[in-house]
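>>> Predicted model, plus sequence, below.
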Amino acid sequence: MAAPPRNPDRFSRRDRGHGRDRIPRPQPLAGRVIAVTGAGRGIGRAVAARLAAAGAAVAIGDLDAELAMETAGAIDAELATETAGAIGARPGGRLLGLALDVTDTPSFEDFLRTVETELGPIDVLINNAGIMWVGPFEEEPEDAALRQFDVNVHGVQRGMKLVIPGMRKRGHGHVVNIASAASKVAPAGEATYAATKHAVHGYSTAVRAELRGTGVHVSLVMPGVVETELAVGTATGPTRRLTTEQVADAVLDVVLRPRFEVFVPRQVAALTRLAAVLPGRARDALHHLLVPDQLAALSALPDRSVRAAYEERTRTARLPEG
């Protein structure tokens, strides 16, 4: 079966015409209901677009407008609604934009309840919301560290605890956690962020073991550095910076063919396997050669204001992003 178009947000001249001129689109996810957290922008938005283009009914969750406006002037719920309208305007799946704070259990419960009421039982939950602080570990503000764990770890745990029991009762379902290559490596300057992604990997591994034989799958998608606001000012090392569409392609692929670990790009998998069998000094040398030093990247920035603005907003606002 042909894959969905690489850029579902872009229309060809024929797509813009009347219905009779439209090219039929493949619908491998027709009838599936998928919820995506942190989907107002970045990776989450691209994932929602890709899954909707493949025929799924997609609920995109992000923070409510009132709270976001009060704390940081960002209107993520409106971004979610805007995304739903933009994607829903073309042939493909239905889109539903809803407010969601992954750090608040009642908010997550309301989100999932509304999704099931409006679209039907959830087949796939994409835990995408995440934030990152970059800098020397001893300079990291305590609230920044706590906030990263609240969003990146507890938000993922909360989603899994709320959605998996229903999936297990139905005998099928899938949770896809958007983690990071930092689940396997730990770049200098990302101590807490790497710790949260290692935690997501460990938690997902244990839950997957508990779900064996139930028909419910758990997957981890672990991209390198992606071109999003979260990664602004960071280095990529010897690899290229990824696009959100590349990550979305990987998510679509793992939804269609469930498996546990998915690296983007795939070469990262070989690096982690090699590092696991090397002796200490060789492993350290490989790490130094291939894993970007974010402290060096930060010090080389000519203007840190954009990075600082993002981190201040994620610290002071209840603003999960992907």
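Now that the structure is in, tell me what you want to look at. Since this is a predicted model, take the numbers as computed values, not measurements. Numbers count the residues shown, from 1 in each chain.
>>> Mind telling me what element Ser107 is part of?
helix 105-118 (DSSP states H and E).
>>> and after that helix, which helix or strand comes next?
For helix 105-118, the succeeding helix or strand toward the C-terminus, using DSSP H and E, is strand 124-127.
>>> Who are the packing partners of that following strand?
Contacts defined by 3 or more C-beta pairs under 8 Å, 6 or more residues apart in numbering; DSSP states H and E place strand 124-127 against strand 33-37, helix 42-53, helix 155-170, strand 173-178. Using the backbone N, CA and C atoms, a C-beta is placed for each residue, glycine as well.
>>> which secondary structure elements does the helix or strand following the second one contact?
Past helix 42-53, heading to the C-terminal end, the next element that is a helix or strand (DSSP H and E) is strand 57-62. Contacting strand 57-62 under the criterion 3+ C-beta pairs under 8 Å, 6+ apart are the following elements: strand 33-37, helix 42-53, helix 76-88, strand 95-99, helix 105-118.
>>> Select, out of these, the one closest to Arg313.
Nearest to Arg313 among the helices and strands packed on strand 57-62 is helix 76-88 (10.9 Å), distances taken as C-beta to C-beta.
>>> average model confidence for the closest one?
Throughout helix 76-88, pLDDT has a mean value of 60.
>>> contacting residues around Phe108?
Shown in contact with Phe108 (C-beta atoms under 8 Å, 6 or more residues apart in numbering): Leu100, Asp101, Val102, Arg158, Gly159, Leu162.
>>> Now the closest residue to Lys184 other than its chain neighbours: which helix or strand?
By the measure of C-beta to C-beta, 6 or more residues apart in numbering, the closest residue to Lys184 outside its immediate chain neighbours is Thr272, 4.4 Å from it. Counting by DSSP H and E, the element that carries Thr272 is helix 267-277.
>>> What lies in contact with the longest strand seen in the chain?
What stands out as the longest strand in the chain, according to DSSP state E, is strand 216-223. Under the contact criterion C-beta under 8 Å, 6+ apart, strand 216-223 has outside partners 43, 160, 164, 167-168, 172-181, 183-184, 197, 200-201, 204, 207-208, 211, 242, 246-247, 250-251, 254, 258-264, 268.
>>> Just the buried residues out of those, in ChimeraX syntax.
The command below creates a ChimeraX selection of those among these that count as buried (16 or more other C-beta atoms under 10 Å):
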select :43,160,164,167,173,174,175,176,177,178,179,180,181,183,184,197,200,201,204,207,208,211,242,246,247,250,251,254,258,261,262,263,264,268
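>>> Low-confidence ranges, the stretch 201-322 of the chain, go.
Scanning the stretch 201-322 of the chain for pLDDT under 70 picks out 231, 233, 235, 238, 269-270, 274-276, 278, 283-291, 315-322.
>>> all strands of it, in order?
Using DSSP state E, counting those that start in this stretch, the strands of the stretch 201-322 of the chain run over residues 216-223, 261-264.
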